[in-house]
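Participant: Structure, please.
(one chain, ligands or ions: 2)
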Amino acid sequence: MSRRARQRAEFPTVSLVGYTNAGKSTLFNLLTNAQVYVADQLFATLDSTVRRVDLPDKTALILVDTVGFIQQLPHDLIAAFRATLEETSQAELLLHVVDVSDEQATQHIEQVNQVLTEIEANEIPQIIIYNKIDQLEQSSARVERNQAGQITKIWLSAKQGHGLNLLEIALMEHLHETMVHHWIRIPVKLGQFRAHLFTLGAVLHEQYAENGDSLLEIQVKLKYFNQLIANEPALLLIDEPDSDSGLT
Ligand SMILES: Nc1nc2c(ncn2[C@@H]2O[C@H](COP(=O)(O)OP(=O)(O)OP(=O)(O)O)[C@@H](O)[C@H]2O)c(=O)[nH]1
Ligand SMILES: [Mg+2]
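Facilitator: Ligands and ions are numbered 1, 2, ... in the order given. Prediction:
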């Protein structure tokens, strides 16, 4: 597996989407300390960019900066646009960046959502990022939550770095609720650990390797999965085994 594919398997992917010029790359740079090209022009970003981000609580994620969405995409940009779509449709979470100082903000949100529907990414959870609050007369960084208490909107300024902490909190909260689904290989000597996973109800399917190692398909909360990986260095992430001869 390539390093990128490996990281993909281990960490959840969060994709920055939004209308062109909304400030996606600026926010990407802020979160990753990267130096991705930012410009006050349409389509400053022509290809998607991928970096790992470690949140303050050590939760890791893969952040993807994408090509700006627009209703009538110029013909020569369609290829670049398609390449970035694949990243987007596989994301756990979308950060939908909006230039809140733009009079057309509401229409842009609708247009972006239309494109997301076209690429079958409309069911992925979304947090709306109202960016460029420094351009508003009076506004401070803040979050809005829905009735279930989940953060649905964040007001911030990517350029000034205001509200970055709120975005990090939103990501940590969201990812801690995210379930991960993996195949793992447990050496025979970690039998107790294997039993523990069964007790937790985390095991979907089990097979055995020739040497007696246990191959388990597990589903757990990401937060718990990170702890498992940290506490059991002998535990290996594996690709789904070919044969289906295992026990359930
Ligand atoms: N005032 C203000 N300007 C911002 C803010 N965030 C980004 N910008 C500016 O908005 C312009 C576009 O920023 P980018 O980050 O390149 O926007 P993008 O969404 O990546 O654009 P595309 O790649 O073309 O889709 C740049 O001039 C940024 O400096 C902000 O919080 N406040
Ligand atoms: Mg960009």
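Participant: hey, let's count contacts and neighbours off CA atoms from now on
Facilitator: OK.
Participant: Can you tell me the number of residues neighbouring Leu222?
Facilitator: When neighbours are defined as other Cα atoms under 10 Å, Leu222 has 21 of them.
Participant: isn't it right up against Met179?
Facilitator: Yes - counting by Cα atoms under 8 Å, Leu222 does reach Met179; the two are 5.4 Å apart.
Participant: For the most centrally placed residue in the chain, identify the helix or strand it belongs to.
Facilitator: Centroid-nearest residue in the chain, with Cα atoms, centre = their mean: Val14, separated by 1.8 Å. Element membership for Val14, per DSSP states H and E: strand 13-18.
Participant: Partner strands of that strand, with direction?
Facilitator: Sheet pairing of strand 13-18 (DSSP bridges) gives strand 60-65 (parallel), strand 93-99 (parallel).
Participant: does that strand come close to ligand 2?
Facilitator: No - judged by Cα under 5 Å from the ion, strand 13-18 stays clear of ligand 2, getting no closer than 9.3 Å.
Participant: roughly how far is that strand from the heart of the chain?
Facilitator: Put simply, strand 13-18 sits 7 Å off its chain's centre (Cα atoms, centre = their mean, to the nearest Å).
Participant: for the record, mean pLDDT for the very next helix or strand once past that strand?
Facilitator: For strand 13-18, the succeeding helix or strand toward the C-terminus, using DSSP H and E, is helix 24-32. For helix 24-32, the mean per-residue pLDDT is 93.
Participant: residues in contact with the helix or strand that comes right after helix 24-32?
Facilitator: Reading on from helix 24-32 to the C-terminus, the next helix or strand found by DSSP H and E is strand 49-54. With contact meaning Cα atoms under 8 Å, 6 or more residues apart in numbering, strand 49-54 is reached by 31-32, 60-66.
Participant: Listing partners with orientation, what would you give for strand 49-54?
Facilitator: Applying DSSP bridges, strand 49-54 is found paired with strand 60-65 (antiparallel).
Participant: Any residue of the strand it pairs with touching ligand 2?
Facilitator: No - using Cα under 5 Å from the ion, strand 60-65 stays clear of ligand 2, with a minimum separation of 6.9 Å.
Participant: between that strand and helix 24-32, how many degrees?
Facilitator: Using axes from the mean of the first three to the mean of the last three Cα atoms, to 10 degrees, the direction of strand 60-65 lies 160 degrees away from that of helix 24-32.
Participant: So what touches strand 60-65?
Facilitator: For strand 60-65, the external contacting residues (Cα under 8 Å, 6+ apart) are 7-8, 11-17, 24-25, 28, 48-55, 87-88.
Participant: Quick check on these: which are buried?
Facilitator: Buried by 16 or more other Cα atoms under 10 Å: 7-8, 11-17, 24-25, 28, 48-53, 55, 87-88, out of the contacts of strand 60-65.
Participant: I'd assumed Ala91 was in contact with the residue nearest to the centre of the chain.
Facilitator: Yes - checked against Cα under 8 Å, the pair Val14 and Ala91 is within contact range at 5.4 Å.
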